[in-house]
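# I need the structure of the sequence given here:
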Amino acid sequence: MVRIIYIFYCCMVLSGMFSSYDLASAEAQVSVTLKMDRTEATVADTIKLVVKIEGKKGTPAPAISGLESFHVRQGGTSSRFQMINGRISSGIDYVFYLTPRKNGEFVIGPAEVVVKGKKYQSQTVRLKVQSTASESGDRKESLFLTASLSADTGYVGQDHIYVLKFYRARKVSDVSLVLPENDGLSFKKLGDHMEYIASQNGRNYSVIEVRYAVTADKPGSYIITPTFFKMNVLEARDGFYDDSFFGITRAKPLSIASNPVDLNVKPLPEKGRPADFSGLVGKFSLSTALTPQEVKVGASATLTAMVSGKGNARLIPDIKIPDMETVKIYADQPTLDIQTTFEGMAGTKTMKWALVPQRDGSIEIPSMSLSYFDPDMGCYLRNTSEPLTLHVLPGDVSLKAPAQAEKIDIKETVKREVEVQGLDILSIHERPDALRPDSLERLGRWPAAGLLLTPAFLFFLLLGFRHYLRPDRVDERVRAQKKAASKFQRGIESLKGPRQLADMLKITNLYLNERMGLSGGSLTPKEAYDILRDKGVGEIPASEACDILSKLEESLYAGGGETDYVKQLKGALVSVVRKIEKAL
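Next comes the predicted model:
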């Protein structure tokens, strides 16, 4: 009896505690606070920003104003629950890591959350960003990024090699790159990255070198703003477990910036510009060949022109061949082969023509020419091929049609009686009763049954295979992959209201998970890039997807919801998904 009373008493106490917790939670005042780990930083620093929400634990992610000039990475969340002197409090912290895009003084905030339809805002904080380094010497020496150009002066259309070298003497993971955005400049990656060991100031570093071809489409003075390398820096935990034996580490997001680089781009000179100049800039050569060099009238020879060199090879023009009165010319489709190496862009364009002479004799194939601009010499050049000679022999007379048809004698077929030349090795049934049904009895009961049932057995066997291979037996994941694009399109078209950016991010993550056959979950931009590349998607669509996901996250946490910008993101997302579908 006493035991029953004790249990009843404990239940009453627990129910009272939970009811008081619910009442306290319901009546708790919601408050939002912004905290930043510093008030001054440089463009190479990573600033930790924490949004502390008191009084409510299950709030949605806050929207933060003033983050347009920063790269934003989410650092996770942590929930709090406290009971002190009978008072219960709860809350949640949202952690963000900011990397400045430029120098200046910025006002960050307020952070805003919506709870049960009511808006709550935090205070604002100020941050001053300078170009001079102010971080600890250890980090500055352990991780740094340099940028350089092959030449700081050039011409419109000229490829400049932009070299990035990331030096590291600490353990990092999930390294990704964010290129600068400069109007009038385009970046094309040159080959794969290189990794090697280099020494700086008596210290060895692991170096990752990446190269891009930078091309300007208009003249002017450009400042290539810093490139950012984003990564997670691995650090051992403090205390007893700070030991490599346990292998317990923590990762802190970090972004480091390169130095800015100046580029002066001059216009292509008007003086001496050829009339047939196509915009080709670099160093190129022209060669021609004729095979065979001797044919008969009516036969064909192949004329080949090949343009190759380094520079903006995509602008290699189609070489024109002059008309020749006694030769019929049939042009083939040109082929363009672009190569990207660490030394720059190069390419070869091959053009072919079939030449069919209409008379015999020697026919001269006129020379061809190519105009281009050489940036090293600073002038226009013209390559001209040597003229070629095609030797044409008279046609074969025996192949000509005869002037008068020859008379062909047609002999009448004479019928003959069938003569038996020999007997087959197998017995021949010459009597009609060989086809009677009872002839099956001669095979025996079981062979006859097998002969009759074989067609039915084969029919049902094929029917079973067809049933097994029916489309509705395809794995659900495969069907989900096929429907992922259409589901994504319907989701994008249905976006409305103030939560478009958050819903857009969810729809994109859902598409990537279903299309790539993943188990689900939110993907970081770097994870999405790696998965797309592993699935065979090209560098450009994968990089575009990574860039758009980064912009989505930044806009979501920065509170960017302008109608025009949302429309641009929608259009960019739809375009990237189409490229991914085409690649897969």
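
# Could you list the domains of this structure?
30-130, 137-266, 282-395, 476-583 (automatic domain parsing).

# how much space between Ala542 and Gly282?
According to Cβ to Cβ, to the nearest Å, Ala542 and Gly282 sit 28 Å apart. Every C-beta, even on glycine, is put in place using the N, C-alpha and C of the backbone.

# brain fart, Gly497
52 Å.

# Could you check which of these two has the larger neighbour count?
The neighbour comparison of Gly497 against Gly282 (other Cβ atoms under 10 Å) goes to Gly282, with 23 against 7.

# quick one: what helix or strand has the more buried one in it?
Element membership for Gly282 (DSSP states H and E) is strand 282-291.

# List the buried residues in the strand or helix carrying Arg126.
According to DSSP H and E, Arg126 maps onto strand 125-130. Within strand 125-130, the residues that qualify as buried are Val125, Leu127, Val129, counting by 16 or more other Cβ atoms under 10 Å.

# Redo these as a markdown table? Include distance to Ala484.
A markdown table is the format used below for the buried residues of strand 125-130 (distance: Cβ to Cβ, whole Å):
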| residue | distance to Ala484 |
| --- | --- |
| Val125 | 41 |
| Leu127 | 41 |
| Val129 | 41 |
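
# Let me see the ranges of the helices in the stretch 401-550 of the chain.
445-468, 476-493, 500-515, 525-534, 539-558 (DSSP state H, counting those that start in this stretch).

# tell me the mean pLDDT over the first one?
It refers to helix 445-468. For helix 445-468, mean pLDDT is 71.

# sorry, back to before: so what are the sheet partners of the strand holding Arg126 and their directions?
Strand 125-130 has its sheet partners listed here by DSSP bridges as strand 40-42 (parallel), strand 104-108 (antiparallel).

# same for the following helix or strand past the first one, what does it pack against?
In other words, strand 40-42. Scanning forward in sequence from strand 40-42 by DSSP H and E, the next helix or strand is strand 47-54. Packing partners of strand 47-54 (3 or more Cβ pairs under 8 Å, 6 or more residues apart in numbering; DSSP states H and E): strand 31-36, strand 87-100.

# Give me the sheet partners of the helix or strand following strand 47-54 and which way each runs.
Next helix or strand after strand 47-54 toward the C-terminus (DSSP H and E): strand 63-64. The strands that strand 63-64 pairs with in its sheet are strand 111-115 (antiparallel) (by DSSP bridges).

# Other residues contacting the strand it pairs with?
By Cβ atoms under 8 Å, 6 or more residues apart in numbering, the residues outside strand 111-115 that reach it are 30, 32, 34, 51, 53, 56, 59-60, 62-65, 119-122, 559.

# quick revisit: put the alpha carbons of the strand holding Arg126 into PDB.
Provided in PDB are the C-alpha atoms of strand 125-130 (Å, rounded to 0.1, in the frame of the first residue of the first chain):
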ATOM      1  CA  VAL A 125      26.100  45.400 -34.400                       C
ATOM      2  CA  ARG A 126      28.900  47.300 -36.200                       C
ATOM      3  CA  LEU A 127      31.900  45.800 -38.000                       C
ATOM      4  CA  LYS A 128      34.900  47.600 -39.500                       C
ATOM      5  CA  VAL A 129      36.700  45.800 -42.200                       C
ATOM      6  CA  GLN A 130      40.300  46.800 -43.200                       C
END
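
# where's it relative to the chain centroid, distance-wise?
35 Å (Cα atoms, centre = their mean, to the nearest Å).

# now that strand and strand 47-54, what's the angle there?
Strand 125-130 runs at 180 degrees relative to strand 47-54, counting by axes from the mean of the first three to the mean of the last three Cα atoms, to 10 degrees.

# okay, the angle between strand 125-130 and strand 31-36?
20 degrees.

# What ranges does the stretch 101-250 of the chain have for its helices?
So, for the stretch 101-250 of the chain - with DSSP H, counting those that start in this stretch - the helices run 137-142.

# what residue ranges in it score low on pLDDT?
132-140, 235-250 (pLDDT under 70).

# all strands of it, in order?
For the stretch 101-250 of the chain, strands defined by DSSP state E, counting those that start in this stretch occupy the ranges 104-108, 111-115, 118-121, 125-130, 143-149, 153-155, 159-168, 172-178, 185-189, 194-200, 203-216, 220-224, 228-236, 249-257.

# Thanks a lot, catch you later.
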